[in-house]
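Asker: Return a 3D structure for these sequence lines:
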Amino acid sequence: MESLFTAAILGLVEGLTEFLPISSSGHLVIASSLLGFEGPKAATFGVVIQVGAILAVLTLYWRRFYGLLCPKPGSSSFSGLRGILLLILTTLPGATLGLTLHGFIKTLFTPLSVSAALVVGGILMLVVEKVMAECQNDQPTATLDQLTMKQAFGIGCFQCLALWPGFSRSASTIMGGMILGVRRETAAEYSFVAAVPIIMGAAGYDLLKSFALFSGADIPFFLVGSGVAFLSAIVAMRSFITILKSNTLRPFAFYRFFIAVPVYWFMVS
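Answerer: Residues are numbered from 1 along each chain as shown. From the prediction side, this is the model:
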C-alpha cells in the first residue's frame, strides 16, 4: 500500500471538498494523480474515506441525529419518525437510480464527462443564484425544522444530478433546496445531514464489491485517511455555513470553471 503521507493528503482533500459545491471526486483525481496513487484500490479508497467526513457530520450535528432516535414527546420538527422519513424521501431517488444505473455511471467517469459536469454545475449555480437573488431573504423555510416532505423528496430528486461524476452532491442538493424555497445556509445544513445515509450506503457497497483488493495491512492507510478527512471536514463545514450567511454560491461556481481544465488534464494523463 502507499505511504501514510499519501493517505493524509487524500484525506485532507476529501474532507475540505466533500461538503463544498466543487466536486470532491474532481479534486481527488488531481491529488491522486500528483501522488501517483491510481487504479481500482485508489478509487475505492476515495469512496471509503468519505466515512471520515460523515463522522464529522455526526459530530457537529449529533443533537439532530440524537433527536431522530430519541425525539421529544409531541415534537413535530426534524426529529423522530418525521425526521427519519424526511431523510428517507431525500435518499430514495438517488439510491434507487444509483443502484439501477451503477454500471452506466462508472462509464461517465471520463475526463470530458467530469470536466463537463463541473462546468454545467457551475453554470446552473449562477442561474439559480440569479433567479433566487431577490427572494432568498423571503424563503419560507429558514430552519431544518420547517422542512416539508415535498421539499425533502424534491431535494432527493435534485441529488440525482450528483450521479454524474463531477457534478457534486452538495451543489445539487443546495441548489435543489433553494429552488424549493429553502434558505441557502439551511439548504447547506440539510445537505450535510442528508449526506450521511447516501454516502454510508455508497461507501459500504463499493467496499463490499472491492473487498478482495485489500488486506489487514491496508487498515492504517484507511484510518489515517479517514481521520484526516474527519478533522478537515469539520473545518470546511463550519467555514462554509459562515460564508453562506453573507455570500452567494457564485465564487464556488467560478472556481468550478477554473478547476475543470486541470481535472481534464490530470484524468487524461
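
Asker: The stretch 101-250 of the chain: helices as residue ranges?
Answerer: 102-107, 111-132, 149-159, 169-179, 184-209, 219-244, 250-268 (DSSP state H, counting those that start in this stretch).

Asker: starting at the chain centroid, how far to stretch 166-182?
Answerer: Centre-to-centre, stretch 166-182 and its host chain are 10 Å apart (C-alpha atoms, centre = their mean, to the nearest Å).

Asker: can you give me the mean pLDDT across it?
Answerer: Taken as a whole, stretch 166-182 carries a mean pLDDT of 94.

Asker: export it as CSV, just CAs?
Answerer: Taking Å, rounded to 0.1, in the frame of the first residue of the first chain, the C-alpha atoms of stretch 166-182 are listed here in CSV:
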residue,chain,number,x,y,z
GLY,A,166,-18.0,15.8,-11.1
PHE,A,167,-21.4,17.5,-10.6
SER,A,168,-21.2,17.5,-6.8
ARG,A,169,-23.8,16.1,-4.4
SER,A,170,-23.5,19.2,-2.3
ALA,A,171,-24.1,21.5,-5.3
SER,A,172,-27.2,19.5,-6.4
THR,A,173,-28.9,19.4,-3.0
ILE,A,174,-28.2,23.1,-2.1
MET,A,175,-29.5,24.3,-5.5
GLY,A,176,-32.5,22.0,-5.2
GLY,A,177,-33.2,23.3,-1.8
MET,A,178,-33.0,26.9,-2.9
ILE,A,179,-35.3,26.3,-5.8
LEU,A,180,-37.8,24.6,-3.5
GLY,A,181,-37.9,27.5,-1.1
VAL,A,182,-35.2,26.7,1.4
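
Asker: before we move on, the earlier item: I'd like to know which of the helices of the stretch 101-250 of the chain is closest to Ser25.
Answerer: When these are compared by C-beta to C-beta, helix 111-132 sits nearest Ser25, at 7.2 Å. Yep, even glycine has a C-beta here, placed from its N, CA and C like the rest.

Asker: Residues contacting the closest one, please?
Answerer: 21, 23, 25-26, 29, 108, 139, 161, 164-168, 171-172, 175, 178-179, 248-250, 252-257, 259-261, 263-265, 267-268 (C-beta atoms under 8 Å, 6 or more residues apart in numbering).

Asker: cool, and stretch 53-65?
Answerer: 14-15, 18-19, 78-79, 83, 144, 189, 192-193, 195-196, 199-200, 203, 226, 229-231, 233-234, 237-238.

Asker: Could you do stretch 81-91 as well?
Answerer: Here stretch 81-91 makes contact (C-beta under 8 Å, 6+ apart) with 64, 67-68, 71, 76-78, 147, 149, 152-153, 155-156, 159, 173, 190, 193-194, 196-198, 201.

Asker: Taking those, please make a ChimeraX selection of just the buried ones.
Answerer: Those of these that count as buried under 16 or more other C-beta atoms under 10 Å are selected in ChimeraX with:
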select :64,67,68,71,77,78,147,152,153,155,156,159,173,190,193,194,196,197,198
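
Asker: measure Ala42 to Phe221 for me?
Answerer: Counting by C-beta to C-beta, to the nearest Å, the gap between Ala42 and Phe221 amounts to 11 Å.

Asker: Counting neighbours, go ahead and name the busier of the two.
Answerer: More crowded of Ala42 and Phe221, by other C-beta atoms under 10 Å: Phe221, with 22 against 18.

Asker: Can you point out the buried residues in the worst-scoring helix or strand of the chain on mean pLDDT?
Answerer: Lowest mean confidence among the helices and strands of the chain (mean pLDDT, DSSP states H and E): helix 40-48, at a mean of 77. Applying a neighbour-count criterion of 16+ other C-beta under 10 Å, one finds 41-48 buried in helix 40-48.

Asker: Name the next helix or strand following it along the chain.
Answerer: Tracing the chain past helix 40-48, the next element assigned as helix or strand by DSSP states H and E is helix 50-60.

Asker: Following element in sequence after that following helix, please.
Answerer: Counting by DSSP H and E, the next helix or strand C-terminal to helix 50-60 is helix 62-69.

Asker: Please pull up the helix or strand immediately following that next one.
Answerer: Next along from helix 62-69, by DSSP H and E: helix 80-100.

Asker: Specify the angle between that next one and helix 169-179 in degrees.
Answerer: 120 degrees (axes from the mean of the first three to the mean of the last three C-alpha atoms, to 10 degrees).
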